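1. Okay, structure incoming, though there's no sequence with it:
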């Protein structure tokens with residue numbers, strides 16, 4: 001009896017992917033196939049280099065633009081909010097001391113400060129992110145500002161009528177300013193400064209990924225041309241030479257352009273932002289000192305502070321004690337501002353402010369001596385008088401600090417603008433040149449492939 005036939009299973013069909021791999025492997029074993037692979041890789045490298053360059057430089061250009069047109073102006077606006085509030089508080093106390101003799105200029109200064117603070121709060125609110133800490137600080141200040149104004153108006157009303165309660169209202173207004181409003185304004189200023197620092201951190205780092213890809217692309221193009229020379233004895237391949245030239249231009253533009261931009265931005269920070277921050281702090285210290293000087297006469301010893309402990313403890317007038325601390329801050333700030341000033345135009349107003357401060361201290365000491373001896377009217381004249389008073393010194397300090405701020409702001413804008421200009425056009429230019437370079441690489445390899453047809 002015959003054995004049953006054994007059925008042979010049909011051969012397993014290979015997947016399309018496996019067949020494709022075999023075909024690619026077979027093609028790669030021929031010179032035309034190798035050339036196609038080399039051309040594709042070179043084009044990919046050059047395009048990747050251009051794309052990463054465009055991406056990284058666009059990010060840095062946007063950050064540099066924010067430094068110049070957004071974060072630094074907003075930081076300055078936040079500082080102006082603080083300054084306007086502190087100056088309004090100073091003007092209010094000066095007007096209160098003058099009583100019925102308050103001048104129209106003093107009253108107008110107070111109103112201008114309040115209006116400027118309100119306008120800067122609107123600007124800051126329009127540029128802050130909803131729900132951010134900056135927005136919370138702005139909301140708080142918008143709520144407190146009308147409350148403060150109401151307290152000042154009550155103080156003025158009672159003061160004109162000769163009621164002592166007017167001084168209590170003014171001290172309460174000052175307390176609201178010192179304990180709530182100025183800390184909120186300072187918090188806003190610090191947050192806007194941090195935003196400025198973040199923009200600098202985004203604008204200045206070297207684009208290492210793009211630089212590495214550029215070097216790799218050049219190395220690949222050099223290897224391809226060397227390989228072409230070894231096989232054909234032809235020194236130049238026009239397409240590959242064009243690709244190498246465009247890639248070199250992009251890489252040099254990237255390194256040199258970013259180095260120039262980085263140097264200019266660092267200069268804008270070292271000789272602009274740092275000086276501006278110190279000058280803002282010094283101006284704020286002078287405003288706080290002037291406000292405490294006025295309130296020393298308003299309170300007339302009603303508020304004291306204990307300094308030291310045990311048998312060495314001393315009771316001092318609170319506002320005069322704070323005045324001394326503020327003047328120490330002003331002196332430190334002016335000394336630092338003088339160190340940061342890098343030219344005569346920036347140093348001169350700071351030096352003048354230091355001279356004004358020295359005279360201010362002497363006149364303040366004389367005023368305190370008169371007040372301590374019971375000569376209130378003479379002390380008042382030495383503080384808010386028309387001539388020879390500390391008011392002149394304060395105004396001179398404020399004027400000179402304003403001149404220094406204007407100078408440093410101009411230096412910042414010049415340096416930051418130079419940094420932004422150095423990066424202008426780099427993202428678009430890199431992308432266009434990379435496309436041309438990739439096309440050159442493809443055409444150069446295509447010229448070699450045509451020899452095999």
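-> Sure, I can see it. Predicted model only: the values in this text are computed from it and were never measured. Numbers count the residues shown, from 1 in each chain.
2. So which bits of stretch 253-263 are buried?
-> 253-254, 257-258, 261-262 (16 or more other CB atoms under 10 Å). Where C-beta positions appear, they are placed from N, C-alpha and C, glycine not excepted.
3. can you check stretch 193-212 too?
-> 193, 195-196, 199-200, 203-204, 207, 210-211.
4. Stretch 386-405 too?
-> 389-394, 396-398, 400-401, 403-405.
5. So, low pLDDT: which residues of the stretch 251-400 of the chain?
-> 301-313, 315 (pLDDT under 70).
6. Could you identify the most distant pair in the buried residues of stretch 386-405?
-> Comparing every pair within the buried residues of stretch 386-405 by CB to CB identifies 389 and 405 as the most remote, at 24.6 Å.
7. before we move on, the earlier item: show only the entries of the buried residues of stretch 253-263 found in helices.
-> Mapping the buried residues of stretch 253-263 onto helices (DSSP state H) picks out 253-254, 257-258, 261-262.
8. Can you show me the strands along the chain?
-> 304-307, 314-317 (DSSP state E).
9. Could you check how far stretch 383-392 is from the centre of its chain?
-> Remark: stretch 383-392 is offset 37 Å from the chain centroid, using CA atoms, centre = their mean, to the nearest Å.
10. scratch that, stretch 153-173
-> 41 Å.
11. Also stretch 202-213?
-> For stretch 202-213 - counting by CA atoms, centre = their mean - the centre lies 21 Å from the chain centre.
12. If we only consider the buried residues of stretch 253-263, which is nearest to residue 175?
-> Distances from residue 175 to the buried residues of stretch 253-263, taken by CB to CB, are shortest for residue 262, at 46.9 Å.
13. which non-adjacent residue is nearest that closest one?
-> Spatial nearest neighbour of residue 262, excluding adjacent residues (CB to CB, 6 or more residues apart in numbering): residue 204 at 5.0 Å.
14. what sits against the one you found?
-> Going by CB atoms under 8 Å, 6 or more residues apart in numbering, residue 204 touches 60, 262, 265-266.
15. Restricted to buried residues, select those in PyMOL.
-> PyMOL command restricting these to the buried ones, with burial defined by 16+ other CB under 10 Å:
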select buried, resi 60+262+265
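16. got CSV for the contacts of residue 204, with distance to residue 175 too?
-> Shown next, in CSV, are the contacts of residue 204 (distance: CB to CB, whole Å):
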residue, distance to residue 175
60, 46
262, 47
265, 42
266, 42
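17. tell me the two of the contacts of residue 204 that are most distant?
-> 60 and 266 (13.2 Å).
18. Tell me how far residue 192 lies from residue 133.
-> Distance, residue 192 to residue 133, by CB to CB, to the nearest Å: 10 Å.
19. mean confidence score for stretch 129-137?
-> Stretch 129-137 carries an average pLDDT of 83.
20. on that earlier part again, between all of the ones in helices among the buried residues of stretch 253-263, which two are separated the most?
-> 253 and 262 (14.2 Å).
21. buried residues in stretch 115-122?
-> 116-118, 120-121.
22. picking that back up, just the closest of the buried residues of stretch 386-405 to residue 299, please.
-> residue 390 (16.8 Å).
23. list the contacts for the closest one?
-> Applying CB under 8 Å, 6+ apart, the residues near residue 390 are 290, 293, 360, 363-364, 367, 382-383.
24. And the furthest pair within those residues?
-> 290 and 382 (13.6 Å).
25. more crowded one of those two?
-> residue 290 (28 against 23; other CB atoms under 10 Å).
26. Quick check: that one touching residue 395?
-> No - taking contacts as CB atoms under 8 Å, residue 290 lies outside contact range of residue 395: 9.2 Å.
27. Quick check, pLDDT for the residue nearest the centre of the chain.
-> The centre of the chain sits closest to residue 196, judged by CA atoms, centre = their mean, with a distance of 2.2 Å. We have a pLDDT of 90 for residue 196.
28. Quick one, grab the pLDDT at residue 11.
-> 59.
29. now swap in residue 173 and tell me
-> 87.
30. check contacts around the residue nearest to it when sequence neighbours are not counted.
-> Leaving aside its sequence neighbours, residue 173 sits nearest to residue 151 (CB to CB, 6+ apart; 3.7 Å). By CB under 8 Å, 6+ apart, the contact set of residue 151 is 169-170, 172-173, 176.
31. same deal with residue 379?
-> So residue 379 contacts 297, 367-368, 370-371 (CB under 8 Å, 6+ apart).
32. Most neighbours among these, which one?
-> Result: residue 367 is most packed of the contacts of residue 379 (other CB under 10 Å), 24 neighbours.
33. if you skip the residues just before and after it, what's nearest to it?
-> Nearest to residue 367 is residue 382, by CB to CB, 6+ apart, at 3.8 Å.
34. how close does the one you found get to residue 251?
-> From residue 382 over to residue 251 (counting by CB to CB), the distance is 69 Å.
35. now the helices for the stretch 151-300 of the chain?
-> 165-176, 182-203, 208-232, 238-268, 274-299 (DSSP state H, counting those that start in this stretch).
36. So which of those has the densest surroundings on average?
-> Among the helices of the stretch 151-300 of the chain, helix 274-299 has the highest mean neighbour count (mean count of other CB atoms under 10 Å), at a mean of 25.
37. which other helices and strands contact that helix?
-> helix 72-98, helix 165-176, helix 318-340, helix 344-372, helix 376-384, helix 390-423 (3 or more CB pairs under 8 Å, 6 or more residues apart in numbering; DSSP states H and E).
38. Kindly recompute the last result at 10 Å.
-> helix 72-98, helix 165-176, helix 182-203, strand 314-317, helix 318-340, helix 344-372, helix 376-384, helix 390-423 (3 or more CB pairs under 10 Å, 6 or more residues apart in numbering; DSSP states H and E).
39. Give the buried residues for the helix of greatest length in the chain.
-> The longest helix of the chain (DSSP H) is helix 31-66. Buried positions in helix 31-66, judged by neighbour count with 16+ other CB under 10 Å: 33, 35-36, 38-39, 42-43, 45-58, 60-66.
40. how deep is residue 425 tucked in, by neighbour count?
-> The burial count for residue 425: 14, using other CB under 10 Å.
41. Quick check: it vs residue 57, distance?
-> Distance from residue 425 to residue 57, by CB to CB: 10 Å.
42. swap in residue 392?
-> 53 Å.
43. Also residue 280?
-> Distance from residue 280 to residue 57, by CB to CB: 32 Å.
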